[in-house]
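**Student:** Predicted model follows, preceded by the sequence.
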Amino acid sequence: MTSKDSELLNALIASGLLGLRGFWKLSSVSKELLSRRDDSTAFGIASVLSGFSSLREREEVWSLIEDSIRRDEVTSLQQVLALKGVAGRYPFLLRQTIDKYPSSRKCTKILIGRGATPLCSEVPCDPSTPTTVTLTAEHATDMLQHGVLPKDSWAIPFDSIPGTAYSTYIPLPSAILVSKVRQGTAGAFDLIGAFLEAGARVDVCGWHRSRSTDSGPFRWSCGRSLLHTMVMSVSCVESGEDETRPHILETRQKGLALLRRIASASKDAGCLDWKMLYTLWEHFKVPGVQFPECTALGLACLYRDAGMVRELVQVTERAERRDLLFLLFATDAQAAALVCTLATY
């Protein structure tokens, strides 16, 4: 390979355009390129990190992990798990390996060495049902300080059966937030603040594993991050009949402050621009329209909430065109307020 060829190859890899799958295929062409998988710079495997804002890229990581385990390929498994942020982002790998690939002994030993996924049974929390969450911020703070509640715990909904066709895993802070908001937002934001104080990760998202038929292949679908969940939760604060009541305004201000805090933490963790696939709730349905992936800022625009948009833009310091597309669904007055907010940055 000439020096010019090497420069072009470096530029291609560093651009991140290949994505994880493309990089993996390219690096398998020769031994020289194969060494790029151990290169933690932008000219090696770390180049794929820039694409993790995409749902597809985060899902590709899980596909590669599962394929490595299926083939009992320890080297590729370790290379993927060594990527910044990946370890701990894909839960219950050991359980799934033992259940699905019991003969993959080498990968099983590697995963045993990495420890179990933290799961707290002391906090009954199921966002799929109207479960009452009595946990308070004071409870959480004490439990987190004493290690009773691991800060990066996961929740498994009661109707989810790990290892089967339908498995759902949700980061515990997101699961608690959804459950608490369903009961009413009182105390929900203080509770999530306790997790942030303890250093809980924000660069994780929920996962759902399913297949279209009994004999079809399993597929992992990427869910919401804590930032996405927070945008949706703040939008629920003003759903009451009287939005001007002092306690409603106080709760909203507390929610906006926490939103900005989570957004700042997300920026530091490199997940501020993560996208989610927006599910069409009944009141947002538009005939013939399928919403694309959207960031937290795009979601705030869709909710027509100038306050949330302001907080998020102050952190992002920019607004992507894709985010602004969601202004199309606002009324004239709402769109004007949002545009004025965006125009100041």
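**Tutor:** Structure's in. What do you need? Computed from a prediction, not measured in an experiment: that's the story for all the values here. Residues are numbered from 1 along each chain as shown.
**Student:** only C-alpha atoms for contact and neighbour calcs from this point on.
**Tutor:** Noted.
**Student:** Show the contacting residues for residue 18.
**Tutor:** 12, 48 (Cα atoms under 8 Å, 6 or more residues apart in numbering).
**Student:** should've said residue 80
**Tutor:** Counting by Cα under 8 Å, 6+ apart, the residues that residue 80 touches are 61, 64-65, 86.
**Student:** Swap in 6 Å and give it another go.
**Tutor:** By Cα atoms under 6 Å, 6 or more residues apart in numbering, the contact list for residue 80 is empty.
**Student:** what does the model give it for pLDDT?
**Tutor:** Per-residue pLDDT puts residue 80 at 94.
**Student:** And the nearest residue to residue 220 once chain neighbours are set aside, how close does it get to residue 147?
**Tutor:** Distance criterion Cα to Cα, 6 or more residues apart in numbering; nearest residue to residue 220, sequence neighbours excluded, is residue 209 at 4.5 Å. Applying Cα to Cα, to the nearest Å, the value for residue 209 to residue 147 is 29 Å.
**Student:** and what of residue 196?
**Tutor:** As judged by Cα to Cα, residue 196 and residue 147 stand 15 Å apart.
**Student:** swap in residue 153?
**Tutor:** With distances taken as Cα to Cα, residue 153 is found 11 Å from residue 147.
**Student:** and what of residue 199?
**Tutor:** 13 Å.
**Student:** So those two - more neighbours on which side?
**Tutor:** The neighbour comparison of residue 199 against residue 147 (other Cα atoms under 10 Å) goes to residue 199, with 13 against 10.
**Student:** can you map out the helices along the stretch 151-300 of the chain?
**Tutor:** Counting by DSSP state H, counting those that start in this stretch, the segments of the stretch 151-300 of the chain that form helices are 172-183, 188-197, 226-235, 246-269, 296-302.
**Student:** I'd like those as a markdown table, with distance to residue 14 and mean pLDDT appended.
**Tutor:** Formatted as a markdown table, those follow (distance: least, Cα to Cα, whole Å; pLDDT from 0 to 100):
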| stretch | distance to residue 14 | mean pLDDT |
| --- | --- | --- |
| helix 172-183 | 33 | 84 |
| helix 188-197 | 33 | 93 |
| helix 226-235 | 28 | 93 |
| helix 246-269 | 20 | 91 |
| helix 296-302 | 26 | 87 |
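**Student:** most packed of those?
**Tutor:** Highest mean neighbour count of the helices of the stretch 151-300 of the chain: helix 296-302, a mean of 26 (counted as mean count of other Cα atoms under 10 Å).
**Student:** and that one, how far from the chain's centre?
**Tutor:** Remark: helix 296-302 is offset 15 Å from the chain centroid, using Cα atoms, centre = their mean, to the nearest Å.
**Student:** if I look at residue 146, how far off is residue 115?
**Tutor:** In this view, residue 146 and residue 115 are 19 Å apart by Cα to Cα.
**Student:** Now for residue 77, how many residues are close by?
**Tutor:** Look at residue 77: counted by other Cα under 10 Å, it has 19 neighbours.
**Student:** For it, what is the enclosing helix or strand?
**Tutor:** Secondary structure from DSSP states H and E places residue 77 in helix 74-81.
**Student:** Please put the alpha-carbon coordinates of the helix or strand just after that helix into PDB.
**Tutor:** Toward the C-terminus, helix 74-81 is succeeded by helix 93-100 as the next helix or strand (DSSP H and E). Output in PDB follows, covering the C-alpha atoms of helix 93-100 (Å, rounded to 0.1, in the frame of the first residue of the first chain):
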ATOM      1  CA  LEU A  93     -24.800 -10.600  28.100                       C
ATOM      2  CA  LEU A  94     -23.700 -13.400  30.500                       C
ATOM      3  CA  ARG A  95     -27.200 -14.600  31.100                       C
ATOM      4  CA  GLN A  96     -28.000 -14.600  27.300                       C
ATOM      5  CA  THR A  97     -24.800 -16.400  26.500                       C
ATOM      6  CA  ILE A  98     -25.500 -19.200  29.000                       C
ATOM      7  CA  ASP A  99     -29.100 -19.500  27.800                       C
ATOM      8  CA  LYS A 100     -28.500 -19.300  24.000                       C
END
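**Student:** Help me confirm that residue 266 comes into contact with residue 272.
**Tutor:** Yes. Counting by Cα atoms under 6 Å, residue 266 touches residue 272, with 4.7 Å between them.
**Student:** Give me the domain ranges for the chain.
**Tutor:** Each domain of the chain is listed here as a residue range: 1-51, 52-117, 119-265, 275-345, per automatic domain parsing.
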